[in-house]
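>>> Pasting a predicted model and its sequence here:
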Amino acid sequence: MRILVTNDDGIDSVGLHVLAREMTNHGDVVIVAPDREFSGSGASIGHLLDFTPHASKRQVEGIDEAWALEGSPALVVLLSRLGAFGDPFDLVVSGINPGWNVGRTVYHSGTVGAALTARNGGITGIAVSQKTDFSALIGQGTPVEQKWETAAKIAGAVVAGVIAKPPAQAAAININVDNIDLSEVRGWKRAQPISPPVSWATSPGENTTPAVSQIPTDDPDRFELKMNWNRERPEPPAGSDAAAVNDGYAAITWLTDLAEDPDAGTGEVDEALDQLFTDGANT
């Protein structure tokens with residue numbers, strides 16, 4: 001069993017190292033991670049015709065092989081699947097991300113993007129994220145003490161189950177857990193990646209500070225944009241991954257393939273398309 005471990009926070013992330021060492025209990029581990037921060041990169045791979053990524057050997061305690069790549073976590077997975085780092089990988093594990101990836105954030109998370117890219121290439125991918133203090137700096141500079149071992153052990157249990165009976169089709173599994181000791185976790189729940197009907201950026205309430213502010217510069221045609229991360233957030237919906245984590249559970253979400261929704265759409269869209277091709281046929 002060859003396991004690729006990656007992340008979106010960069011090769012120097014402590015969470016990456018803890019996760020990789022846990023994965024050595026389940027197979028031969030190779031770390032290939034971005035050489036810098038790639039949070040929020042989703043499943044982007046960049047314009048491959050426009051740049052040539054470089055890989056550099058790194059040393060990580062307890063891991064035999066580790067590389068830093070100039071590129072996103074999704075690119076890491078893509079190039080690894082194509083054989084850039086040796087024999088094919090049987091499993092991709094991404095994380096541990098300092099900060100949960102729940103609800104609509106799964107669209108944008110580089111941690112989850114690696115797992116989705118793996119699944120897209122026929123390899124099961126597992127994303128591992130741990131809640132942190134959003135009023136603190138998110139990323140490798142965070143002063144919050146992360147209990148990485150909790151998320152790593154839960155990921156290890158999921159990996160053990162996947163290895164014991166691999167899914168019939170490659171899957172993307174999203175794991176989220178609170179920043180607490182394993183003994184404090186109440187158990188686990190299958191949960192949906194759903195968000196409140198109103199996002200934190202537009203939530204009503206006493207906090208009227210704008211979600212994003214324009215900061216003037218010396219150039220009247222240019223301004224900076226500052227995000228306000230301390231705004232009040234609405235309560236997550238029941239059954240959601242965020243609610244499960246807030247209730248003390250590990251949230252496990254199996255993300256499905258992109259698929260056509262036969263019940264979606266409107267007659268107006270259909271009519272507009274029919275009209276376009278009818279007019280086109282008559283010209």
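Thanks, I have it. Numbering: from 1, shown residues only.
>>> now the helices: where do they sit in this structure?
Along the chain, the stretches classed as helices by DSSP state H are 14-23, 73-81, 110-120, 148-164, 241-246, 267-281.
>>> could these go into a markdown table alongside distance to Glu235 and mean pLDDT?
For the C-beta atoms, the positions are set from N, CA and C on the backbone; glycine is no exception. A markdown table is the format used below for the helices of the chain (distance: least, Cβ to Cβ, whole Å; pLDDT from 0 to 100):
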| stretch | distance to Glu235 | mean pLDDT |
| --- | --- | --- |
| helix 14-23 | 27 | 98 |
| helix 73-81 | 30 | 97 |
| helix 110-120 | 23 | 97 |
| helix 148-164 | 23 | 96 |
| helix 241-246 | 8 | 96 |
| helix 267-281 | 34 | 86 |
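>>> how about those helices, which one is nearest Pro88?
helix 73-81 (7.2 Å; Cβ to Cβ).
>>> elements contacting the closest one?
Helix 73-81 makes packing contacts with strand 2-6, strand 28-34, strand 63-69, strand 91-98, helix 110-120 when contacts are defined by 3 or more Cβ pairs under 8 Å, 6 or more residues apart in numbering; DSSP states H and E.
>>> Specify the angle between that helix and strand 28-34 in degrees.
Helix 73-81 runs at 140 degrees relative to strand 28-34, counting by axes from the mean of the first three to the mean of the last three Cα atoms, to 10 degrees.
>>> ok so, going back, most tightly packed of the helices and strands packed on helix 73-81?
strand 91-98 (a mean of 31; mean count of other Cβ atoms under 10 Å).
>>> strands paired with that one, and their directions?
strand 2-6 (parallel), strand 125-130 (parallel) (DSSP bridges).
>>> ok now it, how far from the chain's centre?
8 Å (Cα atoms, centre = their mean, to the nearest Å).
>>> angle of it against helix 148-164?
Interaxial angle, strand 91-98 versus helix 148-164 (the same axes, to 10 degrees): 160 degrees.
>>> Only C-alpha atoms, please: export strand 91-98 in PDB.
Taking Å, rounded to 0.1, in the frame of the first residue of the first chain, the C-alpha atoms of strand 91-98 are listed here in PDB:
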ATOM      1  CA  LEU A  91      -4.400   6.200  -1.500                       C
ATOM      2  CA  VAL A  92      -4.100  10.000  -1.100                       C
ATOM      3  CA  VAL A  93      -4.400  11.600   2.300                       C
ATOM      4  CA  SER A  94      -4.500  15.400   2.600                       C
ATOM      5  CA  GLY A  95      -4.100  17.500   5.700                       C
ATOM      6  CA  ILE A  96      -4.100  18.100   8.600                       C
ATOM      7  CA  ASN A  97      -5.600  21.500   7.800                       C
ATOM      8  CA  PRO A  98      -5.600  24.000  10.700                       C
END
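>>> Can you check which of the strands paired with strand 91-98 gets nearest to Ile45?
strand 2-6 (13.0 Å).
>>> contacts for the closest one?
Here strand 2-6 makes contact (Cβ atoms under 8 Å, 6 or more residues apart in numbering) with 16, 19-20, 23, 26-34, 73, 76-77, 80, 85-94, 114, 118, 159.
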